[in-house]
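**Q** need the 3D shape of this:
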Amino acid sequence: MKKIAVVLFLFNTLIIFAQRQVTGVVKDNTGTPLPGVNIVEKGTNNGVSTDIDGSYKITVAEGASLIFTYVGYNSVTRLANASQVDVSLSEEGGQNLDEVVVTGSRTAARSNTTTALPIDVLSSKDLTSTGQATFDKALQYKIPSFNTVQTPVNDATSLLDPYEIRNMGPSRTLILINGKRKNLSALLYVQTSPGRGETGADISAIPTDAIERVEILRDGASAQYGSDAIAGVMNIILKKNNNAGSVTVRSGITSEGDGEMLGVSLNQGTTVGEKGFLNYTIDFSKVNLANRPGTVDAQGEANDFLGGTPADVATVNEYLSKYPDARNVNGSPETATAKFLINGGSPISEHADLYYNAAYVYKKINSFANFRTPYWRPLSGDPYLNDFFGNGDDANPSYAGYGPTFEGDLNDYNATLGFKNVKNGWNTDASITVGGNKQVYSVNNTVNRSDLLDADGNNIYRENSPISFKPGGSSFNHVVGNIDISKIVSDQISIGFGTEFRSEYFSVIEGDKASWDGTGADSFAGNRPENSGKWNRYNVGVYLDVAFDITKDFLINGTVRHEEYSDFGGATVWKGSTRYKFLDDKITLRGSVSTGFRAPTLHQIYTQKSQYSFVAGQGIQISGIINNVSPQARQLGIRPLDPERSTNITVGVGAKPFQNFTLTVDYYNIKVEDRIVLGDRQNTDFGNVAWFSNSFDSRTSGLDVVLGYNNVGIGAGKLGFNLSGNITLDNERISPIDQNSFGDILNSLTFTSRPESKWILGINYEIGKFGFSLNNTYFGKTTFNQDGLISNEVRDADGNLVRDTNGDPVRDDSEPNLKTQFIPKIVTDLGVNFNANEKLTIALNVNNIFNVLPEWKFVAENAEGEKILAGTSTVTTVQQQSNLLTFNQRYSRMTYDGFHFSQLGTMFNLSVNYKF
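**A** Sure thing, here's the model as predicted:
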């Protein structure tokens, strides 16, 4: 026994002498300590994280190497050959193949070189350098596959501009905050604008100064994250600084002298207890109205609202001589926002951490409906209008029309509370997330023109109408619970598995009676009681993810997921991906194949309403939407909605042939089956209505290209180039249309309303205290087939499209046929930064420095169209066709249905940042 004890003592002594205790501090390249940096002994599961002051302590084997990883920074490997090993991690802005990314896999995080998926990485510096006022607009000028633009007058759409990745609509991109699902907006886009029939999260509500980095996965990821992740995933990662802060004052104005912007933002970090951190952001901003109305055409107005005779034209011209724009307001609305966000965490034991984040946003917009001119709403039919909007003198009225306002109040919140634990190499993450979005509306300076009588035979409305209305609104909120478990089983195998529970709630808020009774408020009818209500559902999902490094160069990854929904059943999806590196990691080949799904949103299932919409050649008309579970839908034989199914294929190559140069090229092919769309309005027994249906299958394919060459020494400074592009090869319907009417304008909004290609060339130069940036964004061709121009579509006696056996519209080629095409343009932005000292930075941005504006033209689609353009047609003229799609030139710059970039022209932005 004594001999055994001696042997054990010697063995333990050898182990002790064969190990080394290493301590150190991890900082960023400004000298700020970084808490929460992961430090792992290479080839083992032995790891620790830095404390609140960036310090760490770890015991490792002699001769071991330490790997330092931190979200938003380059990973670093250091030999543990001393008792003190201090490390500085550098943050790289923009696309950087060495960045450690956490999006796209449920196993261990990998660098952008070693991941099997295409991921864009943007730092906070990248976003603020654009000079754009909101996060979504900053992405527009940094990510080629991302598109968004303010719409023309489109009521509630003014609260939130639709956005999309790879031209696939807002519903098919999943938004995460610190890896947790962000709630959807309450808004359903129902007007004829890009994104029609869909909804998305309000990313414009996220304060840019709170963001540490953004990871955009350009690949289907339903197997990892669940519904909605068909086009990709955007993961917004919040700042964690605990001992630094800054205040930024921003101002801006357009070259036309309107759209004035003023904003103040505070970002500050502090410690919580001994080792915890809290980072918070407060952001207030106000943007004034920017108006770009067109010069209205008298003949078009006379045709639409009067008889079109010379006398009618003279009547219109008398008004337009005073008000050439017909007093219409067309541009970006007045907007005021207040944003609050916190992000924090605290260790609660040696191996466990508590983390949390929360945000609240209030946004108010003031916009306008189309102005009701006196020949549109004449006193002859409504003499009381002079009492409301004139001098009340019937003998000598001063009535000159009225302009209804649309005012929206938006409240958006989200919060996550979670717990992370590491035990025996197992990483456990349990969290609960809540989020919601509520929008309520007000309509002023208008009337209810309905001919409804009370019991005594008196008008309820008209001369007795109120001029202010509360038409109601909508709200959406969810509660999400997640449990995610992962482990690096060996040098070759990592596994991850978990579950998610989500409960969703959607409500339509009833408007006051005057807003919906009869025809409702003139411009925006309120929500009727029978169309209002509350609905909810829940779903449970489970997943398994396995990554296998066959060699240090060859990786395969597989994921399978199953979800059960309370309203439509289950869905099982999978994903397989691979990556192979060679030539000393200078070349990386990668690819993935996956299936996915998107559940119909509660908005799409239950929304039923009346709406005022522009109809070419008819002005503003009232129509409606009926939902798929209504009695009306059953009578029309409309089936309930099913989930969309998708198949994604991505193949790409990444190259880093020499220092500071990176290149990635990725091909994608996305097939969506049973695509959910809001169809054309059709004449039924219930009026002129539209509805949602699983209408057809579609295919979207294209190329993403990202090239960067940075840190090039030029004189005393450093030069950097970045070129990125998105090319759409196919974006089209590939099956007959089922159970709906889907005309050319809807086809355009779905498939061709975003640029066919988009390229961004950025040049940056830093020298001394100055930084210069020149950003050139190429917006490619965009095509619309507007209603009115497609007058050769054959319709039946009820006004519905007649279709052939493939579901395509039957055409009469004797009628004119034109389409509109937005001409490719390059928008150039200039930025100048001056670092006055270590604390003070002044930045000037001139966006769209050459005042490039959207420009469109007609393109003929048949012989009759050629005659129209040549001026030889006996049926119509170019002017008449132009009036159809611009509402008689009210929207001459961009048409009524949309455009490919901002119509506001040059914008000047000045910001001052002071670091504490």
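**Q** from here on, just use CA atoms for contacts and neighbour counts.
**A** Fine.
**Q** and Val677, backbone torsions?
**A** According to degrees, to the nearest 10, the main-chain angles of Val677 amount to phi -140, psi 160.
**Q** my read: it touches Ser698, true?
**A** No. Judged on C-alpha atoms under 8 Å, Val677 makes no contact with Ser698 at a distance of 11.4 Å.
**Q** so which of these two has more stuff around it?
**A** Using other C-alpha atoms under 10 Å as the criterion, Val677 and Ser698 rank with Val677 on top: 22 against 19.
**Q** export stretch 469-480 as PDB, just CAs?
**A** In PDB, the C-alpha atoms belonging to stretch 469-480 read as follows (Å, rounded to 0.1, in the frame of the first residue of the first chain):
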ATOM      1  CA  PHE A 469     -61.600  59.900 -36.700                       C
ATOM      2  CA  LYS A 470     -60.000  57.100 -34.800                       C
ATOM      3  CA  PRO A 471     -60.000  54.200 -37.300                       C
ATOM      4  CA  GLY A 472     -58.400  51.700 -34.900                       C
ATOM      5  CA  GLY A 473     -55.200  49.800 -35.700                       C
ATOM      6  CA  SER A 474     -53.600  46.400 -35.000                       C
ATOM      7  CA  SER A 475     -51.200  44.700 -32.700                       C
ATOM      8  CA  PHE A 476     -49.000  41.700 -32.600                       C
ATOM      9  CA  ASN A 477     -46.900  40.100 -29.800                       C
ATOM     10  CA  HIS A 478     -45.200  36.900 -29.100                       C
ATOM     11  CA  VAL A 479     -43.600  34.900 -26.300                       C
ATOM     12  CA  VAL A 480     -40.700  32.700 -27.200                       C
END
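**Q** now that stretch: buried residues?
**A** 469-480 (16 or more other C-alpha atoms under 10 Å).
**Q** can you check stretch 625-639 too?
**A** Buried positions in stretch 625-639, judged by neighbour count with 16+ other C-alpha under 10 Å: 625-630, 633, 638.
**Q** and stretch 577-592, by the same measure?
**A** Neighbour-count burial for stretch 577-592 flags 577-581, 585, 587-592 (criterion: 16+ other C-alpha under 10 Å).
**Q** then stretch 351-360?
**A** Buried residues in stretch 351-360, counted by 16+ other C-alpha under 10 Å: 352-360.
**Q** give me the distance from it to the chain's centre.
**A** The chain centroid and the centroid of stretch 351-360 are separated by 25 Å under C-alpha atoms, centre = their mean, to the nearest Å.
**Q** next: stretch 660-675.
**A** Remark: stretch 660-675 is offset 18 Å from the chain centroid, using C-alpha atoms, centre = their mean.
**Q** in strands, which of the buried residues of stretch 469-480 appear?
**A** 469-480 (DSSP state E).
**Q** the helix or strand where Leu749 lies packs against which elements?
**A** According to DSSP states H and E, Leu749 maps onto helix 744-751. When contacts are defined as 3 or more C-alpha pairs under 8 Å, 6 or more residues apart in numbering; DSSP states H and E, helix 744-751 sits against strand 782-784.
**Q** who does the strand it packs on pair up with?
**A** Looking at strand 782-784 with DSSP bridges, its partner strands are strand 818-822 (antiparallel).
**Q** and the angle for the strand it pairs with with helix 744-751?
**A** 30 degrees (axes from the mean of the first three to the mean of the last three C-alpha atoms, to 10 degrees).
**Q** what's the helix or strand just after strand 818-822 in contact with?
**A** Next in sequence after strand 818-822, counting helices and strands by DSSP H and E, comes strand 825-835. With C-alpha atoms under 8 Å, 6 or more residues apart in numbering as the test, strand 825-835 has contacts from 129-131, 769-780, 841-850, 852, 854.
**Q** which of these count as buried?
**A** Buried members of these, counted by 16+ other C-alpha under 10 Å: 129-131, 770-780, 841-849, 852, 854.
**Q** about what we covered before: can I get the buried residues of stretch 469-480 in TSV including distance to Ala514 and pLDDT?
**A** Shown next, in TSV, are the buried residues of stretch 469-480 (distance: C-alpha to C-alpha, whole Å; pLDDT from 0 to 100):
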residue	distance to Ala514	pLDDT
Phe469	7	97
Lys470	8	97
Pro471	9	96
Gly472	11	96
Gly473	15	96
Ser474	18	96
Ser475	22	97
Phe476	25	98
Asn477	28	97
His478	32	98
Val479	35	98
Val480	38	98
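**Q** and which of those residues is nearest to Leu176?
**A** Val480 (12.1 Å; C-alpha to C-alpha).
**Q** stretch 326-345: how far from the chain's middle?
**A** Relative to the centre of its chain, stretch 326-345 is centred 15 Å away, using C-alpha atoms, centre = their mean.
**Q** who does the helix or strand Gly702 falls within touch, helix- and strand-wise?
**A** Under the criterion of DSSP H and E, Gly702 resides in strand 692-714. Applying 3+ C-alpha pairs under 8 Å, 6+ apart, we find strand 692-714 packed against strand 661-678, strand 717-733.
**Q** between the ones you listed, which one is closest to Asn343.
**A** Shortest distance between Asn343 and the helices and strands packed on strand 692-714, using C-alpha to C-alpha, is found for strand 717-733: 31.2 Å.
**Q** which of the buried residues of stretch 577-592 fall within helices?
**A** Among the buried residues of stretch 577-592, DSSP state H puts none in helices.
**Q** among those residues, which one sits closest to Ala82?
**A** Distance to Ala82, by C-alpha to C-alpha, is smallest for Asp585 among the buried residues of stretch 577-592, at 28.9 Å.
**Q** one step back: could I get the buried residues of stretch 469-480 as a markdown table with distance to Pro347?
**A** Listed next are the buried residues of stretch 469-480 as a markdown table, based on distance: C-alpha to C-alpha, whole Å:
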| residue | distance to Pro347 |
| --- | --- |
| Phe469 | 52 |
| Lys470 | 48 |
| Pro471 | 48 |
| Gly472 | 45 |
| Gly473 | 42 |
| Ser474 | 40 |
| Ser475 | 36 |
| Phe476 | 33 |
| Asn477 | 30 |
| His478 | 28 |
| Val479 | 25 |
| Val480 | 23 |
